[in-house]
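Peer 1: Here you go, sequence then predicted model.
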2 protein chains.
Amino acid sequence: MATSWLAVDPGCSFTLQNLPYGVFSHSAGQPRIGTAIGSNILDLAVLQSKGLFQGPHLRQSDCFSQTTLNAFMALGRPAWTEARARIQALLRADEPALRDNEELRKAALISQSKAIMHLPANIPDYTDFYASREHATTCGTILRGKENALMPNWLHIPIAYHGRSSSIVVSGTPVRRPRGQLNPDSNAQPHTAACKWLDFELEMAAFIGGPPNALGQPVSTAEAADRLFGLVLMNDWSARDIQKWEGQPLGPFTAKNWATSISPWVVTFDALQPFRCEAPGQEATSPQVQAYLQEPDRHSFNIQLSVEITPLGNTTPTVITRSNFKHLYWTLEQMVAHHSVTGCPMRPGDLLATGTISCDGELGQGSLLEQTMGGKQAVELEGGEKRTFLQDGDTVTMRGWCEAGGVGLGFGSCTGQVVSAHP
Amino acid sequence: MATSWLAVDPGCSFTLQNLPYGVFSHSAGQPRIGTAIGSNILDLAVLQSKGLFQGPHLRQSDCFSQTTLNAFMALGRPAWTEARARIQALLRADEPALRDNEELRKAALISQSKAIMHLPANIPDYTDFYASREHATTCGTILRGKENALMPNWLHIPIAYHGRSSSIVVSGTPVRRPRGQLNPDSNAQPHTAACKWLDFELEMAAFIGGPPNALGQPVSTAEAADRLFGLVLMNDWSARDIQKWEGQPLGPFTAKNWATSISPWVVTFDALQPFRCEAPGQEATSPQVQAYLQEPDRHSFNIQLSVEITPLGNTTPTVITRSNFKHLYWTLEQMVAHHSVTGCPMRPGDLLATGTISCDGELGQGSLLEQTMGGKQAVELEGGEKRTFLQDGDTVTMRGWCEAGGVGLGFGSCTGQVVSAHP
Ligand SMILES: [Ca+2]
Ligand SMILES: [Ca+2]
Ligand SMILES: [Mg+2]
Ligand SMILES: [Mg+2]
Ligand code: NI
């Protein structure tokens, strides 16, 4: 396995096989595009300005001299593959161009500890799917009982709703407990108060790339692979009590439009190839899924996921969820094909979240709603504190990582602390 | 009443009292910002480059030398009021600065017949409300019967869902009948086909302006007035058969993300002041709406609205709907306050649609779903053709106009023709 001339600690997320893209700033400068390697960031604007990208797809581009990744995302897969190969080559132990050029190294390498991370892209539209069968089943059981847990359309449609892009924030941003309209007893008068049933949702989200499809022109599952740029971790913070009162008939609105956190480093699908695995069979959909949802190359990725809660003043996090991306019933390609079946344009920078990623098993539930069966069974944290929903001061941290055949990479973390509501 | 030195035909939408903002292009040039006056467009970039905006809020701005209105929208009400006063003065019969400067007139005035209209803004996020009590009642009756027509939350919450901004198009754009997943009988297998229950929805939509509120910081009903830039007509094209199958539990998704048409000229709230009127009383909400929805200055606007259908090859349009903005139960200020109650950032260029604007009376229903009671009673068009839902070739045209005390203005039209589905 190739290694870098730059030190990469064992277990570090940002190996030579990863090379995720992100937007950072330092010393009060403008946001810049970089890739993470070990504990450093390689400034790609510096490399591009020095003429180090001379391949056919990047030679004439200023895609890295931008404050967001949208222009690079728009270029499409040939440019992405070319950029990755070039960056990997420049960092490889046997390549002297950057290794032996002290001046360039000084200009292009920044310690992650000195950088502030920003949202990786301007997000024109954000969509949240509901693609985990285990999650949909548990939520349905809480709401409608075991017999009617899955809605009749669930096995046929990758169910989704349009989300709010203005409240997507980068990992580390404090998250204020929202006030909103509540009616926990459903038949009494509503009131306005701070959310009491504050929850997280363990999700991942894909950034769309490539030239946008025209209005009226669907993207097939085969074409979808080239529209998928990369993946981040996502915490879809949810106000369950607000959701309960507002959610019918048009779906969640203020319950989910006040904060959605994502990890700052976008791991590309090129980097994820070694971790491809089978996606769940869809035999449950009888006779089979609609033709536009069938896939020439159905696959998923083996991405281990965890969620930790750390109460204020506590130094020991409690791992409360362990799940895996591979359990998702609907693949990202199916999500893109369904999203665009009616001709909806998918634009570079659009974000498609998977929905809560749950699986079977004691820690398999990707939200407190599921872990506590609707707030009925408290979970115990290290040190003895109990939680049905999140309390002020709680920090929620999500992690994701892949390992196969000695190759590993990580997504870093997606973290946020709950701060108390406005009075 | 002041008149312009430019001819404005009687009954024309674009009077000296209107002065809506739009984005146009001509002769294959870049999109430019202008205001409509009579049958002309006044190019505001030309006026700004000639130094004709010297008031304190615009003197140092290049807000009109942009390809969208977002920068101007972001400046806020003092700049909007200053711009309007200045443009109105330059066009007034007694003001020679532009009237007597032939060179400037030639550079700044373009016939609307030579211009192509574009979307007025980049729309970061689009939201569709459900604010007409008559619409919600009729839809609820069709779905759940008369007794449970209004959901228990409807009188307490301006119900809304996040929509898709990528498929918002300007008036005149042909609209392709979407294909999608259908299951009209609900218990049989779904199938994939062209939508058969294609519908329009008569709506209006407000563009948000002013500096964005920070994440976590709600906008009050009192503050909302200064966040409302202007209004357009909207046709929220809807695939009712797709909506029926996908719509639960998370709301409409592919049924409404394939085309949403808006009129190109944004009529400002400054221009609408002469047409203020009372908004419906909310005594039905017992004891009263929540404090954050109460208004220091509750009001609506008297805006007459119509919808025409013109079948292919037919020259006589049939007016199928007559309604009025003033019937909406929830005001725009209440929509902004509710949207942001949990702290959702509202950004310049965001679009808030009212939902279908229906009222009592024979032609009061703002969609075919309502006019035909779910497709059960066909409506007859001039010339004898019948419709339950839209057919290929049908052109749907929405109009809006205001009149009071001899002052009038119009919204122009929002139009679109249905083209046949992809095979
Ligand atoms: Ca979610
Ligand atoms: Ca609507
Ligand atoms: Mg969210
Ligand atoms: Mg629409
Ligand atoms: Ni958006």
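Peer 2: Structure received. Ligands and ions are numbered 1, 2, ... in the order given.
Peer 1: what about stretch A:23-42, average pLDDT?
Peer 2: Taken as a whole, stretch A:23-42 has a mean pLDDT of 95.
Peer 1: so how far does it reach from one end to the other?
Peer 2: 11 Å (C-alpha to C-alpha, to the nearest Å).
Peer 1: Only the buried residues of that stretch, if you could.
Peer 2: A:23-26, A:31-38, A:40-42 (16 or more other C-beta atoms under 10 Å in any protein chain shown). Yep, even glycine has a C-beta here, placed from its N, CA and C like the rest.
Peer 1: Do any residues in stretch A:128-138 lie close to chain B?
Peer 2: Yes: residues of stretch A:128-138 are located near chain B by C-beta under 8 Å from any C-beta of the partner chain, namely residue A:130.
Peer 1: ok, residues contacting that stretch?
Peer 2: The contact list for stretch A:128-138 (C-beta atoms under 8 Å, 6 or more residues apart in numbering or on different chains) reads A:149-151, A:154, A:158-161, A:163, A:203, A:236, A:256, A:280, A:327-330, A:335, A:352-360, A:364-367, A:370, A:373, B:250.
Peer 1: Could you do stretch A:387-394 as well?
Peer 2: By C-beta under 8 Å, 6+ apart, stretch A:387-394 touches A:177, A:196-200, A:240, A:309-313, A:368, A:372, A:375-379, A:381, A:396, A:417-420.
Peer 1: same thing but 6 Å
Peer 2: If you take C-beta atoms under 6 Å, 6 or more residues apart in numbering or on different chains as the criterion, stretch A:387-394 is touched by A:197-199, A:309, A:311-312, A:368, A:372, A:375, A:378-379, A:418, A:420.
Peer 1: and ligand 3, which of the buried residues of stretch A:23-42 reach it?
Peer 2: Among these, no residue is within reach of ligand 3 (C-beta under 5 Å from the ion).
Peer 1: was I right about residue A:8 contacting residue A:39?
Peer 2: No: the pair residue A:8 and residue A:39 fails to qualify as a contact (C-beta atoms under 6 Å) at a distance of 8.3 Å.
Peer 1: got any residues that touch both of these two?
Peer 2: Listed as contacting both residue A:8 and residue A:39 by C-beta under 6 Å, 6+ apart is no residue at all.
Peer 1: Quick check: the gap between residue A:113 and residue A:296.
Peer 2: Residue A:113 sits 44 Å away from residue A:296, going by C-beta to C-beta, to the nearest Å.
Peer 1: Mind naming the longest strand for chain A?
Peer 2: If you go by DSSP state E, chain A has its longest strand at strand A:407-419.
Peer 1: is any part of that strand close to chain B?
Peer 2: No: using C-beta under 6 Å from any C-beta of the partner chain, strand A:407-419 stays clear of chain B, with a minimum separation of 8.3 Å.
Peer 1: buried ones in that strand?
Peer 2: For strand A:407-419, by 16+ other C-beta under 10 Å, it's A:408, A:409, A:410, A:411, A:412, A:413, A:414, A:415, A:416, A:417, A:418.
Peer 1: Next, give me the two most distant ones among these.
Peer 2: A:408 and A:418 (31.2 Å; C-beta to C-beta).
Peer 1: Taking chain A, what residue is nearest to ligand 3?
Peer 2: residue A:260 (3.4 Å; C-beta to the ion).
Peer 1: Can you classify residue A:196 by secondary structure?
Peer 2: What DSSP: H, G, I helix; E, B strand; the rest coil gives for residue A:196 is coil.
Peer 1: in the stretch 1-150 of chain A, what residue is nearest ligand 5?
Peer 2: Counting by C-beta to the ion, the stretch 1-150 of chain A gets nearest ligand 5 through residue A:125, at 4.1 Å.
Peer 1: In contact with that residue: list those residues for me.
Peer 2: Residue A:125 touches A:350, B:164, B:165, B:166, counting by C-beta under 6 Å, 6+ apart.
Peer 1: what's the closest of those to residue A:342?
Peer 2: After measuring the contacts of residue A:125 against residue A:342 - C-beta to C-beta - the closest member comes out as residue B:164, at 10.0 Å.
Peer 1: any chance you could map the strands in the stretch 201-350 of chain A?
Peer 2: For the stretch 201-350 of chain A, applying DSSP state E, counting those that start in this stretch gives strands covering A:202-208, A:228-235, A:238-239, A:260-262, A:267-268, A:276-277, A:300-301, A:304-310, A:318-324.
Peer 1: which bits of chain A sit near ligand 3?
Peer 2: Counting by C-beta under 5 Å from the ion, chain A sits next to ligand 3 at A:236, A:256, A:260.
Peer 1: could you dump those residues to a markdown table with distance to residue A:73 and pLDDT?
Peer 2: Shown next, in a markdown table, are the residues of chain A next to ligand 3 (distance: C-beta to C-beta, whole Å; pLDDT from 0 to 100):
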| residue | distance to residue A:73 | pLDDT |
| --- | --- | --- |
| A:236 | 22 | 98 |
| A:256 | 25 | 96 |
| A:260 | 19 | 98 |
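Peer 1: Name the residues of stretch A:223-231 that are buried.
Peer 2: Buried residues in stretch A:223-231 (16+ other C-beta under 10 Å): A:224, A:225, A:226, A:227, A:228, A:229, A:230, A:231.
Peer 1: Check the residues you listed against residue A:4 and report the nearest one.
Peer 2: residue A:230 (20.2 Å).
Peer 1: Please verify my assumption that that closest one contacts residue A:270.
Peer 2: No: contact between residue A:230 and residue A:270 fails when scored by C-beta under 6 Å: they sit 8.6 Å apart.
Peer 1: show me the contacts for residue A:228.
Peer 2: A:206, A:269, A:332.
Peer 1: and what of residue A:21?
Peer 2: So residue A:21 contacts A:35, A:69, A:266 (C-beta under 6 Å, 6+ apart).
Peer 1: Could you do residue A:36 as well?
Peer 2: By C-beta under 6 Å, 6+ apart, the residues touching residue A:36 are A:14, A:20, A:265.
Peer 1: Find the nearest non-adjacent residue to the last one, please.
Peer 2: Meaning residue A:265. residue A:20 (3.8 Å; C-beta to C-beta, 6 or more residues apart in numbering or on different chains).
Peer 1: Quickly note the distance from the one you found to ligand 4.
Peer 2: Separation of residue A:20 from ligand 4 (C-beta to the ion, to the nearest Å) stands at 35 Å.
Peer 1: Brilliant, that's me finished.
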